[in-house]
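no sequence on this one, just coordinates:
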């Protein structure tokens, strides 16, 4: 054997031995972690009234939802899901009282991982907030506790560089600290933090469930970078530079592969729309079945608002947080065009208004509102535009009872709870022709503003648009006919009827059926 061959063989042997050693260390480390978390899990016991099952172990379901006390659509999903578990426990206990075999639902217990600060009466105050904000009550038979991780909240702070990797690494660390404090049997993520599955499934040995509102990365994001189109998350300095573009594309591709592998660890996957399902199926290729359960919307109370008495104002309503992806600028541009089209017919009327209602999360959002107000002044529409910030739900309900048109402009919105609320309240909605609104919500767009593409007003549930001109044209046709005209009234009725598909009752029923059919709670 030549010296070169001997050297090559020695290097291969060394690399093979080193790889085997690393794999052995990794395997042993994982086994030690699992044993550690199993001991933590087995230390949990509950007392029951059944003398034959005293001091038994609960079936602990943990929800990873750091901002559990916020008042958004994601929190509504969280608390409706917990409410559904409460119903399942009550039903299991009733069956047991009737002499049927005791099932696992009788042992259900819930813990929520939160970054809220622990304080006296936290649980009582939160339960009251949930009841007032969402009209949700949790069964008293279901034990709900909290693991407070406020000392680690810095892990979720936004990063200005390598955002997706930095934020994912932060959620991994937060999940580690959470599971150290309370180790469940089932880890349920309701925030889209798929990388937490590495800790929950691989290291802690939990079963993992996921309710995905929006994929962390999507094929649309990859296409946007590839086509070098500027956007709120792909600024001009990147989109105009080919070298940076290809570097970012490589970064996105690597992240998408990692995201797909970790997401596929979930035992049960539920998504909020057909659009989200399509992207998750493409990315989480090793995953099992993916179920669609639309987010719960309180359509029942909104359906009580009258469609005709009193007559609706010519008020165009926008609902949504003042985040960049909501594209409020497009709304202002469309409204400015509306007031000028047909020789300023709508401006001359004097009663056509645009109202934007939503919350500001931080200083960035407030600065964004300031810029929008400056645009309204620049385009000479400020007298007809109003911004309503951080108001309670009662104020939103008042505007929903008065407005006749709803506007939504977010590209590839995963679902659109605000859109459904407007439909249930009887507004004719004009939504972006993409994402969940196109795939699931407005499935029968009105044909008049689309040049014949769509269905008649008798069958339509709303309108779809992409450009400012299309939005302006659709809104013009709606207001020109009047909110009480036969065609528009029929569209409002159709929209309200269609919104029933997204009710609280449908969500709870669908979720319970999926959970019972799965192996997650066994």
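Thanks, I have the structure now. Please read these numbers as outputs of a predicted model, since none were measured by experiment.

Could you give the average pLDDT over the longest helix seen in the chain?
For the chain, the helix with the greatest residue count under DSSP state H is helix 3-42. Helix 3-42 carries an average pLDDT of 83.

In a helix, residue 429, correct?
No. Assessed with DSSP: H, G, I helix; E, B strand; the rest coil, residue 429 is strand; it does not lie in a helix.

Pairing-wise in the sheet, spell out the partners of it.
Residue 429 has these beta-bridge partners by DSSP bridges: residue 406.

which ones are touching the residue lying closest to residue 34 once chain neighbours are set aside?
Distances taken as CB to CB, 6 or more residues apart in numbering put residue 205 closest to residue 34, at 4.7 Å, once the chain neighbours are dropped. C-beta here means a position set from N, CA and C on the backbone, and glycine is covered the same way. The contact partners of residue 205, taken as CB atoms under 8 Å, 6 or more residues apart in numbering, are 34, 37-38.

Ramachandran coordinates for residue 205?
Phi and psi for residue 205, reported as degrees, to the nearest 10, are phi 70, psi 20.

My guess is residue 153 contacts residue 66. True?
Yes. In this structure residue 153 lies within contact range of residue 66 using CB atoms under 8 Å: 7.4 Å.

residue ranges of the strands in this protein, please?
Taking DSSP state E as the criterion, the chain carries its strands at 59-64, 108-114, 143-148, 186-189, 207-212, 268-271, 290-292, 315-319, 353-358, 385-389, 405-407, 428-432, 463-465.

Parallel or antiparallel, list what pairs with the fourth one.
Using DSSP bridges, strand 186-189 pairs in its sheet with strand 59-64 (parallel), strand 207-212 (parallel).

Next, format these as TSV and append mean neighbour count and mean pLDDT.
Below are the strands paired with strand 186-189 laid out as TSV (neighbours: other CB atoms under 10 Å; pLDDT from 0 to 100):
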stretch	mean neighbour count	mean pLDDT
strand 59-64	25	96
strand 207-212	24	97
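
Point out the one among the ones you listed that comes closest to residue 30.
Among those, the nearest to residue 30 by CB to CB is strand 207-212 (15.5 Å).

contact partners of the closest one?
77, 81, 185-190, 192, 194, 197, 200-201, 263, 265-272, 276, 280, 293, 519-520.

And stretch 280-291, by the same measure?
With CB under 8 Å, 6+ apart as the criterion, stretch 280-291 contacts 212, 215, 217-219, 256, 259-261, 263-264, 266-271, 277, 514.

for stretch 32-47, same thing?
Taking CB under 8 Å, 6+ apart as the rule, stretch 32-47 contacts 54-58, 60, 107, 109, 143, 179-180, 182-185, 203-206.

how does it look with 6 Å?
55, 57-58, 183, 203-205 (CB atoms under 6 Å, 6 or more residues apart in numbering).

So which bits of it are buried?
Neighbour counts over stretch 32-47 (16 or more other CB atoms under 10 Å) mark 33, 37, 41 as buried.

need those residues in CSV with distance to residue 167, can you?
As requested, these are exported to CSV (distance: CB to CB, whole Å):
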residue, distance to residue 167
33, 23
37, 24
41, 28
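
Any idea which of the strands of the chain gets closest to residue 481?
strand 428-432 (9.6 Å).

State the mean pLDDT of the closest one.
So the average pLDDT for strand 428-432 ends up being 96.

Report the inter-axis angle for it versus strand 315-319.
50 degrees (axes from the mean of the first three to the mean of the last three CA atoms, to 10 degrees).

Once you drop chain neighbours, what's closest to residue 87?
residue 139 (6.5 Å).

For burial, what's the neighbour tally of that neighbour?
17 (other CB atoms under 10 Å).

if I read this right, it contacts residue 85, doesn't it?
No. Using CB atoms under 6 Å, residue 139 is not in contact with residue 85; the gap is 8.4 Å.

Tell me the spacing between residue 149 and residue 200.
From residue 149 over to residue 200 the distance is 15 Å, taken as CB to CB, to the nearest Å.

Between those two, tell me which one has more neighbours.
Neighbour count, other CB under 10 Å: between residue 149 and residue 200, residue 200 has more, with 28 against 21.

can you pull the contacts of the nearest residue to the more buried one once chain neighbours are set aside?
Nearest residue to residue 200, sequence neighbours excluded (CB to CB, 6+ apart): residue 187, at 3.7 Å. Residues in contact with residue 187 (CB under 6 Å, 6+ apart) are 62, 200, 206, 208.

count of neighbours near the third one?
So that's residue 206. With other CB under 10 Å as criterion, residue 206 counts 24.

Need phi/psi at it.
phi -80, psi 150.

was I right about it contacting residue 200?
Yes. In this structure residue 206 lies within contact range of residue 200 using CB under 6 Å: 4.5 Å.

Reformat the contacts of residue 205 as CSV; add distance to residue 129.
Output for those, formatted as CSV (distance: CB to CB, whole Å):
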residue, distance to residue 129
34, 37
37, 32
38, 35
